[in-house]
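Enquirer: Sequence first, predicted coordinates after that:
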Amino acid sequence: AQSVAQPEDQVNVAEGNPLTVKCTYSVSGNPYLFWYVQYPNRGLQFLLKYITGDNLVKGSYGFEAEFNKSQTSFHLKKPSALVSDSALYFCAVRDGGSSNTGKLIFGQGTTLQVKP
Amino acid sequence: DAGVIQSPRHEVTEMGQEVTLRCKPISGHDYLFWYRQTMMRGLELLIYFNNNVPIDDSGMPEDRFSAKMPNASFSTLKIQPSEPRDSAVYFCASSFGVGHTDTQYFGPGTRLTVL
């Protein structure tokens, strides 16, 4: 069965510092990995995804994520955090080996708090 | 495009009443998903459709929940009768594509409170 883990409920960083939000996954086939962000009282917004190719994926708002197959991880990163990046971040995975083409499994979410 | 549209944005009702949530997916998208978000359980997939046909409803919590998609531009999620434990934010999402790579786009959600 496919699963996603976000080991940190909350990440605190100072504005201008680099940030990392961690995600690990478990699938039986090839993983298709996604990051979404949710601002208060809003729906989830797509940030980036990894399907194949370069392990470093660049997305919206200066975010990037690195796919590491050996560690089954897909950590979200940004070189310099902004206060406006404060939000709830979700990692999600879809199993490429599954016949179920639609189902996306989400992690529990990590709250990112960027302080001025 | 206006994105995924959901209505109402907020719904407050009393236990036992019927609740209907509505969703208009992005035009041209052929997949539609209904999710529920709570503090305790996080984000859960309830059901999804492909070309208006329900594909997987294994996440629907019980028979009180039902979902329909009468055409490509409209879907409803109905709870009858509603209970306080149904209080949550319900999201609709849509995507285009036949493979695993398609990105889901979410609506703003409906915050349901059952008293």
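Expert: Happy to help now that I have it.

Enquirer: use CA for all of it now, contacts and neighbours both
Expert: Will do.

Enquirer: So what's the residue count around the residue in chain A that chain B sits nearest to?
Expert: Residue nearest to chain B within chain A (C-alpha to the nearest C-alpha): residue A:43, separated by 4.2 Å. Neighbour count for residue A:43, taken as other C-alpha atoms under 10 Å in any protein chain shown: 22.

Enquirer: Please apply the same query to the one 10 residues further on.
Expert: Counted with other C-alpha under 10 Å, the neighbours of residue A:53 add up to 8.

Enquirer: ditto for residue B:97
Expert: Neighbours of residue B:97 under the rule other C-alpha under 10 Å: 15.

Enquirer: separation between the residue most central in space within chain B and residue B:108?
Expert: The centroid of chain B falls nearest to residue B:34 when counting by C-alpha atoms, centre = their mean (3.0 Å). Here the criterion is C-alpha to C-alpha, to the nearest Å. By it, residue B:34 lies 12 Å from residue B:108.

Enquirer: what do these two both touch?
Expert: residue B:91 (C-alpha atoms under 8 Å, 6 or more residues apart in numbering or on different chains).

Enquirer: Flag the shaky bits of chain B, pLDDT-wise.
Expert: B:1, B:98-101 (pLDDT under 70).

Enquirer: again, only this time at 90
Expert: Counting by pLDDT under 90, the ranges of chain B that qualify are B:1-2, B:39-42, B:56, B:58, B:61-62, B:96-103.

Enquirer: Disregarding residues adjacent in the polypeptide, which is nearest to the residue in it that chain A sits nearest to?
Expert: Closest contact between chain B and chain A, by C-alpha to the nearest C-alpha, is at residue B:108 (4.2 Å). Distances taken as C-alpha to C-alpha, 6 or more residues apart in numbering or on different chains place residue A:43 nearest to residue B:108, at 4.2 Å, with adjacent residues excluded.

Enquirer: What residues does chain A have near chain B?
Expert: Residues of chain A lying near chain B by C-alpha under 8 Å from any C-alpha of the partner chain: A:32, A:41-46, A:51, A:94-96, A:101-103, A:106-109.

Enquirer: Residue 6: what's it in contact with?
Expert: Using chain A here. A:22, A:23, A:24, A:91, A:107, A:108, A:109, A:110.

Enquirer: right idea, wrong chain: chain B
Expert: B:21, B:22, B:23, B:24, B:91, B:92, B:107, B:108, B:109, B:110.

Enquirer: do that again at 7 Å, thanks
Expert: Residue B:6 makes contact with B:22, B:23, B:24, B:107, B:108, B:109, B:110, according to C-alpha atoms under 7 Å, 6 or more residues apart in numbering or on different chains.

Enquirer: Each with direction, which strands does the particular helix or strand that has it in it pair with?
Expert: According to DSSP states H and E, residue B:6 maps onto strand B:5-7. Strand B:5-7 sits in its sheet next to strand B:19-24 (antiparallel), going by DSSP bridges.

Enquirer: So which bits of the partner strand are buried?
Expert: B:19, B:21, B:22, B:23, B:24 (16 or more other C-alpha atoms under 10 Å in any protein chain shown).

Enquirer: so after that strand, what's the next helix or strand?
Expert: Past strand B:19-24, the next helix or strand by DSSP H and E is strand B:31-38.

Enquirer: Now do that following strand: distance to the chain's middle.
Expert: 5 Å (C-alpha atoms, centre = their mean, to the nearest Å).
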